[in-house]
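J.: Return atomic coordinates for the entry below.
(chains A and B)
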2 protein chains.
Amino acid sequence: MKLQLALFSSLFLNAYFYFCLFLHHHQPPPSLGWTGSAAAEAEAVAAIDCSGHGRAFLDGVLAAGGLPVCECNKCYHGSDCSRLLHDCPADVDSGDPLFLEAYWQQQAASSAVVVSGWHRMTYSTNGKDYISIELEKHIRILHQAVGNAVTDGKFIVFGSGSAQLINALVYALSPSNASSSPASVVASVPYYPFYKKQTNLFETREYGWGGTTATWANASVSSATNVIEFVTSPNNPDGLFKQPVLGTSAVIFDYAYYWPHYSPILDPADEDVMLFTNSKISGHAGSRFGWAVIKDEGVYERTAKYLSLNTMGVSRDTHLRVLKLIKVMIAEKGGEGDIFEFGYRTLKARWSKLHELVSSSSRFSLQQHSAQHCNYFRAIRDPSPGNAPSRANEEEDHTYAWLKCEWKEDEDCHEALRKGSIISRAGALFEADSRYTRLSLIKTQDDFDLLLKRMQPLVSQEATASS
Amino acid sequence: MKLQLALFSSLFLNAYFYFCLFLHHHQPPPSLGWTGSAAAEAEAVAAIDCSGHGRAFLDGVLAAGGLPVCECNKCYHGSDCSRLLHDCPADVDSGDPLFLEAYWQQQAASSAVVVSGWHRMTYSTNGKDYISIELEKHIRILHQAVGNAVTDGKFIVFGSGSAQLINALVYALSPSNASSSPASVVASVPYYPFYKKQTNLFETREYGWGGTTATWANASVSSATNVIEFVTSPNNPDGLFKQPVLGTSAVIFDYAYYWPHYSPILDPADEDVMLFTNSKISGHAGSRFGWAVIKDEGVYERTAKYLSLNTMGVSRDTHLRVLKLIKVMIAEKGGEGDIFEFGYRTLKARWSKLHELVSSSSRFSLQQHSAQHCNYFRAIRDPSPGNAPSRANEEEDHTYAWLKCEWKEDEDCHEALRKGSIISRAGALFEADSRYTRLSLIKTQDDFDLLLKRMQPLVSQEATASS
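T.: Prediction:
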């Protein structure tokens, strides 16, 4: 009887082990192949504790223990980034979209990608003009899903960030005929300073920087005059929707911020030349990836030729990664992991806090926008047209605070903030009044928290002149 | 007794299962964390059978089954690339370095890299001017290990392939003073056509294409004349070591092929401006990564400024991957997995076969080089100076065959090959005699095998005029 019980137990255990070994795999079997060591390495680096004020990267400088060091957020230091530097200025200068880093940490499993050693070594791609077919296809799907741009019947080119495309498009829209006068590249104040800086550096016999639209509006711009107008909408820095003002044929619409985390989505844009950057969509500024949507075949071909002779297209490693990111954004649309919802909530909360603080004093003012219905959030939240629109349908632009110093003595607003240990981007850089300065709200939470901390004493001060 | 035997067997099986389940893991435990699904996906794609004549990529177009399709080598087709197209021409036009694909497939485990969703999202890098500190450090280590360039005390900039750096360096070496005459960019025949094509497209008031050095050699080039001379050494297409011929101060040394798989390594190069491309080192042309080694700080700063305003540096995804590739190349140096040894053996074997075939007829001839000692292979194979040098120390350049058509009627060698279903790169593109054409030996094995097959009947023909 004992023997039988033992045998029975043993057989039961046999069955259990057999089940564990061969049947109990709902998920695919764990990878033990060639990806194993890369996966283990990545997980080890991701597990490094940087106190929530930094992160370690696979290609970071190595610490004594052989693992990469923590790279800390501004003003934090120490091996685990736990120490806040005393008297460190709040840096809200750049438009570095790090507010989305937390989103991708939440999407760790779905957004990771393994690059094999032999991934796309060739110069060529499966699509023409150094374009990956799947990536182009998913970019069109993304625009369709968000409803911010019409891409049907238009060409798409990829650039190493929209930075590269700015000049490529200027080249493509300039007269190819040597006898024509060179094109003048213009923008309306306040405008993104990079347009001017880049055009000045790469100026050729075919084009050059032509100044602001205000200087052209009074002159008669005939159709024979070659003018290329940049229109950023919503605008950087002030968030306003913009339209071309000169009525010339060559317009580059820069829609970097026409995404639901930053802006209400009205009608889908349907312009001849439209510029987008993944830096401001997924937040991967370091990947250097942007695209242009182009209607005219000749303009497309000239742009593609420029990109071919400049860099022979964008890194195929980046193609692979951006495809994965865009797939996640599409798959999570309308659900718990919607990146636009995440981004909107984050920026809205930041804006509200800043707005409250600034409103408590007469020293500063912020730009005001009328709230507008956002087709994107209405579509995903409120499919039934009979429902009363929820508050979230009413959106404003929260990317940058375009701060105005109201006190007489604060003529240079950037400088007034600097004295209060806040690094902003001076209005003068946008060719605007120096009473204005730009505060970036899209950096890390630490950057934003420090901004509020440094703003507090500034709004509490009394005006020396007006008191 | 039967019961005892059954119990014994059952217990034995339990012990075996237990061993399998819990003890039989010499390797680290399988990763089941956030990298798991990306790893499984990558392994599934890598396992797709493309008959050795193609490969599937993670971002490939999807087949009906949901997995990416095989992307076949030229002339192969079918869902598993197993079918050779009849009458397909041998395409040996481009310098696509696919001969190294097999190397990285062998190094699958060590060369894979996992990119997390939150990897380096920021515009900035840990080093200045959009440079990753670890990558720059490993580039210096690689040059030291190979012995092909002196980098001590010099600056390094990264570009999206050497393509981007060509124009960046031309810009940096041109007079910044508007009153100076523009710089003329020149090269000696036969030269890499991209120099001219790119310079013509991006020509500014500061520089333009100046033609070949031959047209300048007779004129008196005074020190006041701004000339920027490209020197490619070993040269593309003919593999010869080259020196500047005009004696002007601004020279860009393009060392794309000064690596042991292509060329004997003599002394380490120690020039003021040196250009390298990872496309021809690891073979990852699609990653778009190159670098320049620059002595003068002013030239470095102007180059960095150009790169900053052109693309804001190179994709940080590419930084990460190239670091991994370079680490493998350094770690495997001198061992079984030495990439330079692999590359040298592969190209040497191809060259020998082509040489043998071409030598069997009077129709064609190939460039001849005197074999030279290679410091790299001597160092790794023959550390004792007393030993007789092995054959492998004697190296020639095997990158491209610079083929000459010797028959009177074959005035256009490119065309003569085209009639025989071989696509080569015409000598005229290098501004050389049309009796010359370039055959690339660095593409896939399929491309090379087809080249031999198509050459065979050509060398067997008899000359109509001379017979």
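
J.: which residues of the stretch 301-450 of chain A score low on pLDDT?
T.: Residues of the stretch 301-450 of chain A that meet the criterion pLDDT under 70 lie in A:379-396.

J.: just the strands in it please.
T.: Applying DSSP state E, counting those that start in this stretch to the stretch 301-450 of chain A gives strands spanning A:364-365, A:372-373, A:394-395, A:400-405, A:422-423, A:425-426, A:436-440.

J.: Over to the stretch 101-250 of chain A?
T.: Under DSSP E, counting those that start in this stretch, the stretch 101-250 of chain A gives strands at A:113-115, A:155-159, A:183-187, A:207-212, A:227-232, A:250-254.

J.: Just give me the longest helix of chain A.
T.: Taking DSSP state H as the criterion, chain A has its longest helix at helix A:339-359.

J.: for residue A:355, what are its contacts?
T.: residue A:366 (Cβ atoms under 8 Å, 6 or more residues apart in numbering or on different chains). Bear in mind the C-beta positions are built from the backbone N, C-alpha and C, glycine included.

J.: That one and residue A:403, how far apart?
T.: Distance, residue A:355 to residue A:403, using Cβ to Cβ, to the nearest Å: 11 Å.

J.: what's the overlap in contacts for the two?
T.: Common contact partners of residue A:355 and residue A:403 (Cβ under 8 Å, 6+ apart): residue A:366.

J.: re earlier: okay, the angle between the longest helix of chain A and strand A:400-405?
T.: Counting by axes from the mean of the first three to the mean of the last three Cα atoms, to 10 degrees, helix A:339-359 lies at 10 degrees to strand A:400-405.

J.: List the buried residues in helix A:339-359.
T.: Residues A:339-344, A:346-348, A:350-351, A:353-354, A:357-358 are the ones in helix A:339-359 that count as buried (16 or more other Cβ atoms under 10 Å in any protein chain shown).

J.: Just tell me which of the strands of the stretch 101-250 of chain A ends up closest to residue A:123.
T.: strand A:155-159 (14.7 Å; Cβ to Cβ).

J.: Adjacent strands (with direction) for that closest one?
T.: With DSSP bridges as the test, strand A:155-159 is paired with strand A:290-294 (antiparallel).

J.: where do the helices sit along the stretch 301-450 of chain A?
T.: Along the stretch 301-450 of chain A, the segments classed as helices by DSSP state H, counting those that start in this stretch run A:316-331, A:339-359, A:375-381, A:413-419, A:445-460.

J.: wait, which of those is closest to residue A:276?
T.: Residue A:276 sits nearest to helix A:316-331 of all the helices of the stretch 301-450 of chain A, at 11.5 Å, using Cβ to Cβ.

J.: Show me which residues of that closest one are buried.
T.: Using 16+ other Cβ under 10 Å as the test for burial, helix A:316-331 gives A:316-329.

J.: quick revisit: out of the strands of the stretch 301-450 of chain A, which one sits most buried?
T.: Stretch with highest mean neighbour count among the strands of the stretch 301-450 of chain A: strand A:436-440 (a mean of 26; mean count of other Cβ atoms under 10 Å in any protein chain shown).

J.: Next, the angle helix A:445-460 makes with that one.
T.: Angle, strand A:436-440 to helix A:445-460, by the same axes, to 10 degrees: 150 degrees.

J.: So which residues make contact with strand A:436-440?
T.: Strand A:436-440 is contacted from outside by A:92-96, A:190, A:237, A:354, A:399-405, A:413-414, A:417, A:422, A:424-427, A:430, A:447, A:451, using Cβ under 8 Å, 6+ apart.

J.: Please list the residues of the stretch 251-400 of chain A that sit near chain B.
T.: The stretch 251-400 of chain A comes close to chain B at residues A:279, A:283-289, A:305-306, A:309-321, A:323, A:325, A:328, as judged by Cβ under 8 Å from any Cβ of the partner chain.

J.: Could you report the pLDDT at the residue most central in space within chain A?
T.: Closest residue to the average C-alpha location of chain A: residue A:280 at 1.3 Å, with Cα atoms, centre = their mean. Looking at residue A:280, its pLDDT reads 98.

J.: looking at it, it is touching residue A:254, isn't it?
T.: No. Applying Cβ atoms under 8 Å as the test, residue A:280 and residue A:254 come out as separate, 10.4 Å apart.

J.: related to what we said a few turns ago, can the strands of the stretch 301-450 of chain A go into CSV with extra columns for distance to residue A:171?
T.: Formatted as CSV, the strands of the stretch 301-450 of chain A follow (distance: least, Cβ to Cβ, whole Å):
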stretch, distance to residue A:171
strand A:364-365, 40
strand A:372-373, 35
strand A:394-395, 35
strand A:400-405, 29
strand A:422-423, 34
strand A:425-426, 27
strand A:436-440, 29
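
J.: Three-state assignment for the residue lying closest to the residue nearest to the centre of chain A once chain neighbours are set aside, please.
T.: Counting by Cβ to Cβ, 6 or more residues apart in numbering or on different chains, residue A:256 is the residue found nearest to residue A:280 once chain neighbours are left out, at 4.9 Å. Following DSSP: H, G, I helix; E, B strand; the rest coil, residue A:256 is assigned to coil.

J.: got it, and the one 5 residues further on?
T.: For residue A:261, the secondary-structure state derived from three-state DSSP is coil.

J.: related to what we said a few turns ago, from the middle of its chain, how far away would the longest helix of chain A be?
T.: 16 Å (Cα atoms, centre = their mean, to the nearest Å).

J.: Perfect, I'm done here.
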